[in-house]
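1. predicted model, plus sequence, below.
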There are 2 protein chains.
Amino acid sequence: MKFLEERIRRDGKIGAGNVLKVDSFLNHQMDVPFLCEMGKEFHRLFGDEGVTKVLTIEASGIGIAALTAQYFGVPVLFAKKTPTNNISGDIYTAEVYSYTHERTYTIYVSKDFLLPGDRVLIIDDFLAKGSALLGLLDLVKSAGAEAVGAGIAIEKAYQDGGSVVRGTGLRVESLARIASMSVEDGVKFVGEE
Amino acid sequence: MKFLEERIRRDGKIGAGNVLKVDSFLNHQMDVPFLCEMGKEFHRLFGDEGVTKVLTIEASGIGIAALTAQYFGVPVLFAKKTPTNNISGDIYTAEVYSYTHERTYTIYVSKDFLLPGDRVLIIDDFLAKGSALLGLLDLVKSAGAEAVGAGIAIEKAYQDGGSVVRGTGLRVESLARIASMSVEDGVKFVGEE
């Protein structure tokens, strides 16, 4: 079993509506030394890809992305969801549907920081239906940059996002792949069914 | 001149309405190796304080907080602005007024992760009128934890947040303190007037 799968089994909680709560170490409280280990693993997986930039989306992707990017020695760019006057110049935009919040929102990055020559590693905490990841891919394509892959913490492999995104040709590496989960039976990972 | 002040002078841009744009390295694209140097400096300043947790607020504080926390070997807890079903259990809340977005919003953390014994270092990217920082302090007090200080990247020292927050007795260390800025005259730091 992979180290993130062990951690999910130990500290993850399945709440009402079969929501996996990992807020004790991943997306509210962040176990930083543990996230550094995840970052090293992403570097082991993608270290030969000539990555020039890590791209993620606010908010819960930012910590993992920043701790990962330090092993590559490259900047992080995080896509924003909220209009702000802190961004200068022109932007690339994409549409993302949030199943958590049940609405579509526009994500964007400044054109100044996503460049045609960039080799982009996308990092995010969850992959379920793939909407956020496809939106980030759109941003990369709009810039004429190349996505070398996606490093995902937790993939809900019983939803179709993983196959949809891999179907575009993108290499997706997930540190934990959940095959099924329920309050009654707990979490089963891919390979355990 | 401090290293962040040098970087602001080199790469910061003053936009319409005297907004300081540092989106090329701090709060949109993040220069991760540079942010690591900021984290080391916060560790130099607060390393003797017995910090058990770093507290910040989504979204742009998260990267700096995570990269800082690794030098302390402690977790980050980030206050959320948006209700979500990813948080379990009871929460502490505080009100924060955003001058950027011109509205009041509620920030919250789970009671599970901010504990009476915690010695909390607050990290944020900006300190201007101090509303976010005072809100984070409220959360710490609600939990019966102790705030050992605040590590701020950029303080707008011509606004009153710094004196208000220091007036509560909190130690505030800012890596860059702006005395004044304008499109015409650029940025002047405290000590340069």
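-> Perfect, thanks for sending it. Owing to the predicted nature of the structure, the values given are computational and were not obtained by experimental measurement.
2. gap between residue A:81 and chain B?
-> Using CB to the nearest CB, to the nearest Å, residue A:81 is found at 8 Å from chain B. C-beta: built from backbone N, CA, C; applies to glycine.
3. show the contacting residues for the residue nearest to the spatial centre of chain A.
-> Centrality entry for chain A: nearest residue to the mean C-alpha point is residue A:124, 1.2 Å, by CA atoms, centre = their mean. Taking CB atoms under 8 Å, 6 or more residues apart in numbering or on different chains as the criterion, residue A:124 is in contact with A:56, A:57, A:61, A:64, A:132, A:133, A:136, A:150, A:152, A:153.
4. just give me the neighbour total for the third one.
-> So that's residue A:61. 28 (other CB atoms under 10 Å in any protein chain shown).
5. for chain A, just list every one of the strands.
-> Assignment of strands within chain A using DSSP state E yields the ranges A:13-15, A:19-21, A:29-30, A:53-57, A:76-79, A:91-98, A:103-110, A:119-127, A:146-156, A:172-182, A:186-189.
6. format those as JSON lines; extra columns: mean pLDDT.
-> JSON lines is the format used below for these (pLDDT from 0 to 100):
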{"stretch": "strand A:13-15", "mean pLDDT": "90"}
{"stretch": "strand A:19-21", "mean pLDDT": "91"}
{"stretch": "strand A:29-30", "mean pLDDT": "98"}
{"stretch": "strand A:53-57", "mean pLDDT": "98"}
{"stretch": "strand A:76-79", "mean pLDDT": "98"}
{"stretch": "strand A:91-98", "mean pLDDT": "93"}
{"stretch": "strand A:103-110", "mean pLDDT": "93"}
{"stretch": "strand A:119-127", "mean pLDDT": "98"}
{"stretch": "strand A:146-156", "mean pLDDT": "98"}
{"stretch": "strand A:172-182", "mean pLDDT": "97"}
{"stretch": "strand A:186-189", "mean pLDDT": "95"}
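7. and residue B:3, which of those is closest to it?
-> Set against residue B:3 and scored by CB to CB, the strands of chain A come closest in strand A:76-79, at 19.5 Å.
8. and that closest one, which strands flank it?
-> In the sheet, strand A:76-79 lines up against strand A:53-57 (parallel), strand B:29-30 (antiparallel) (DSSP bridges).
9. deepest-packed of those strands, please.
-> Of all these, strand A:53-57 carries the top mean neighbour count, a mean of 27, counting by mean count of other CB atoms under 10 Å in any protein chain shown.
10. okay if I get the strands of chain A as CSV plus distance to residue B:142?
-> Below are those laid out as CSV (distance: least, CB to CB, whole Å):
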stretch, distance to residue B:142
strand A:13-15, 23
strand A:19-21, 22
strand A:29-30, 16
strand A:53-57, 30
strand A:76-79, 29
strand A:91-98, 29
strand A:103-110, 30
strand A:119-127, 27
strand A:146-156, 30
strand A:172-182, 33
strand A:186-189, 33
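11. could you check the pLDDT of the nearest residue to residue A:14 once chain neighbours are set aside?
-> Counting by CB to CB, 6 or more residues apart in numbering or on different chains, residue A:14 lies nearest to residue A:183, which is 5.2 Å off, once chain neighbours are set aside. On the pLDDT scale, residue A:183 is placed at 90.
12. circling back: ok, which of the strands of chain A comes nearest residue B:109?
-> Residue B:109 lies closest, by CB to CB, to one member of the strands of chain A: strand A:29-30, at 8.5 Å.
13. mind listing residues that contact the closest one?
-> Against strand A:29-30 from outside (CB under 8 Å, 6+ apart): A:23, A:63, B:66, B:69, B:75, B:76, B:77, B:78, B:110, B:112, B:113.
14. ok, back up a step: farthest pair within the contacts of residue A:124?
-> That would be A:136 and A:153, which, of the contacts of residue A:124, are the farthest apart (CB to CB) at 14.8 Å.
15. neighbour count winner among these two?
-> For residue A:136 and residue A:153, the more surrounded residue by other CB under 10 Å is residue A:136, and the numbers stand at 28 against 23.
16. partner residues bridging the closest residue to the more buried one other than its chain neighbours?
-> Closest residue to residue A:136 apart from its sequence neighbours, by CB to CB, 6+ apart: residue A:122 at 5.1 Å. For residue A:122, the beta-bridge partners are residue A:55, residue A:150 (DSSP bridges).
17. how far away is residue A:122 from chain B?
-> Residue A:122 is 15 Å from chain B, where distance means CB to the nearest CB.
18. can I get the contacts of strand A:29-30 in CSV including distance to residue B:95 and neighbour count?
-> What follows is the contacts of strand A:29-30, written out as CSV (distance: CB to CB, whole Å; neighbours: other CB atoms under 10 Å in any protein chain shown):
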residue, distance to residue B:95, neighbour count
A:23, 22, 26
A:63, 25, 28
B:66, 25, 29
B:69, 26, 31
B:75, 25, 22
B:76, 22, 29
B:77, 18, 26
B:78, 17, 27
B:110, 18, 21
B:112, 22, 16
B:113, 20, 22
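19. and those residues, which is closest to residue A:178?
-> Nearest to residue A:178 out of those is residue A:23 (CB to CB; 16.3 Å).
20. so how far is residue A:166 from the closest one?
-> From residue A:23 across to residue A:166, the span is 28 Å (CB to CB, to the nearest Å).
21. do residue A:175 as well
-> Per CB to CB, residue A:175 is found 16 Å from residue A:166.
22. check contacts around the nearest residue to residue A:91 once chain neighbours are set aside.
-> Once flanking residues are discounted, residue A:91 sits nearest to residue A:108: 4.3 Å by CB to CB, 6+ apart. Residue A:108 makes contacts with A:79, A:80, A:87, A:91, A:92, A:93, A:94, A:139, as judged by CB under 8 Å, 6+ apart.
23. having no further points to raise, I will conclude here.
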